[in-house]
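Q: Sequence and predicted structure, then a few things I'm wondering about:
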Amino acid sequence: MKEMERLAPRRETITVMAGKLAIGSSHPVVVQSMTNTDSADPEATLAQIEQLASAGCELVRVAVPGKKAAARLGEIVDHSPLPVVADIHFNYRLALAALEAGVAKLRINPGNIGGADKVKVLAREASALSVPIRIGVNSGSLEQELLESHGGPTAKALAASALGHCKLLEDEGFGDILVSIKASDVPTTVLANREFAAVRNYPIHLGITEAGTLIRGTVNSAAGIGILLAEGIGDTLRVSLTADPVEEIDVAWKILAALGTRRRGVEIISCPTCGRTEVDLIGLAERVERLLLPVEQPITVAVMGCVVNGPGEARQADFGIAAGKGNGVVFHAGEQVSRVPESELVEELLRVIERETGVVIPRE
Ligand code: SF4
């Protein structure tokens, strides 16, 4: 496949460790998600974590809303294939319980856990266990005084909130920090993250909060996360969708692939179809994408609808097909490999991919 142009270099950050997972500018951008099962039900939560891990999730956040969930957190941590981040609000005792349960990271805002003495205890315990803390600033829960002084949840107010929370930890000598600043609209999120990124070198977790249902959330996340990644800002990301969390992982990887940041699995390039198309190209592309879903190798497969632009595009991908009336050609590494009847095109493509990559692709 042809090399993609490089976007801006990553903004330099410190490295923090979430268990064995390194996060920061010297490491690949990490894909994460959050479970939506009852956290007090380890079986259901672990089943979802397994699904997320299979889809390519690398770090998983679990809400710990109360004592019941905190009491079962250890079981989740012990059996999770992914490092677990405990998401806690207001209650520093829950945070201490999460540390005891062995979580890899805490997501908590030091400004809302009950005062400086509680921050001190938490910073000391997290530091002793080498557990980093993610400060998560969200436009929906900004401090009242910042809302008043900035006239609402503006980008500057969000960045100021993040800096304020950082300072509480920094004052305790704690620097193992990550930060996320999320608004539900793209411009505010982008501006706030730029503002923060200019003054601190902590890794940044990207996301658009309450981004929406599958299509709307995907577009919002791709725009917001994409702008920041293109500027070199961002070390982990979560695509928040009102959908099955597994969908978040798929979208996250597609955003990373689109920017040339990271690749996982097959990327399908398919033409938009036009008056020249003489096959059911939409059905063909969907079938190829579905069949290649289990393939983890980062390969590009072009599915093109005619012999005008088709062969040219197909040649630039690792593999490709260009379908014409009644038959089509299969490409590999820029060379035409075979010409077969239309009915055999998909099977021939799969055969060529299997031969060249060694993977076995299950048929429908
Ligand atoms: Fe039309 Fe061919 Fe381009 Fe597809 S590849 S959009 S069929 S010209």
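A: Done, it's in. Fair warning: this is a prediction, and the values are worked out from it, not measured in the lab.

Q: what residues does the stretch 51-200 of the chain put near the ligand?
A: Residues of the stretch 51-200 of the chain lying near the ligand by C-beta under 6 Å from any ligand atom: none. Yep, even glycine has a C-beta here, placed from its N, CA and C like the rest.

Q: what about the strands in the stretch 51-200 of the chain?
A: For the stretch 51-200 of the chain, the strands defined by DSSP state E, counting those that start in this stretch occupy 59-63, 84-87, 105-107, 133-138, 177-182.

Q: Check what contacts the helix or strand of the chain with the lowest mean pLDDT and list those residues.
A: Within the chain, confidence by mean pLDDT, DSSP states H and E is lowest for helix 310-316 among all helices and strands, at a mean of 72. Contacts with helix 310-316, where a contact means C-beta atoms under 8 Å, 6 or more residues apart in numbering, come from 1-2, 269, 271, 302, 304, 320-324, 329, 331, 334-336.

Q: The ligand next: which of those residues are close?
A: Answer for the contacts of helix 310-316 near the ligand (C-beta under 6 Å from any ligand atom): 271, 304.

Q: any weak-confidence spans in the chain?
A: Low-confidence segments of the chain (pLDDT under 70): 1-3, 314.

Q: looking at this structure, which residue ends up farthest from its center?
A: In the chain, the residue that sits farthest from the middle, by C-alpha atoms, centre = their mean, is residue 326; the gap is 40.7 Å.

Q: Can you report phi and psi for that residue?
A: Residue 326 adopts backbone torsions of phi 80, psi -20, taken as degrees, to the nearest 10.

Q: ok, it touching residue 342?
A: Yes: judged on C-beta atoms under 8 Å, residue 326 makes contact with residue 342 at a distance of 5.6 Å.

Q: which residues in the stretch 251-364 of the chain form strands?
A: With strands called from DSSP E, counting those that start in this stretch, the stretch 251-364 of the chain shows them at 267-270, 300-304, 319-323, 327-332, 335-341.

Q: Mean neighbour count, those: which tops it?
A: Highest mean neighbour count among the strands of the stretch 251-364 of the chain (mean count of other C-beta atoms under 10 Å): strand 319-323, with a mean of 27.

Q: what's it packed up against?
A: Judged by 3 or more C-beta pairs under 8 Å, 6 or more residues apart in numbering; DSSP states H and E, the packing partners of strand 319-323 are helix 281-291, strand 300-304, helix 310-316, strand 327-332, helix 345-357.

Q: Which residues outside it are in contact with it?
A: Residues contacting strand 319-323 (C-beta under 8 Å, 6+ apart): 269, 278-279, 281, 284, 288, 299-307, 310-311, 313-314, 328-332, 342, 345-346, 348-349, 352-353, 356.

Q: on that earlier part again, so the least confident helix or strand of the chain, near the ligand or not?
A: Yes: contact of helix 310-316 with the ligand (C-beta under 6 Å from any ligand atom) involves residue 310.

Q: Pull the number of nearby residues for residue 137.
A: 29 (other C-beta atoms under 10 Å).
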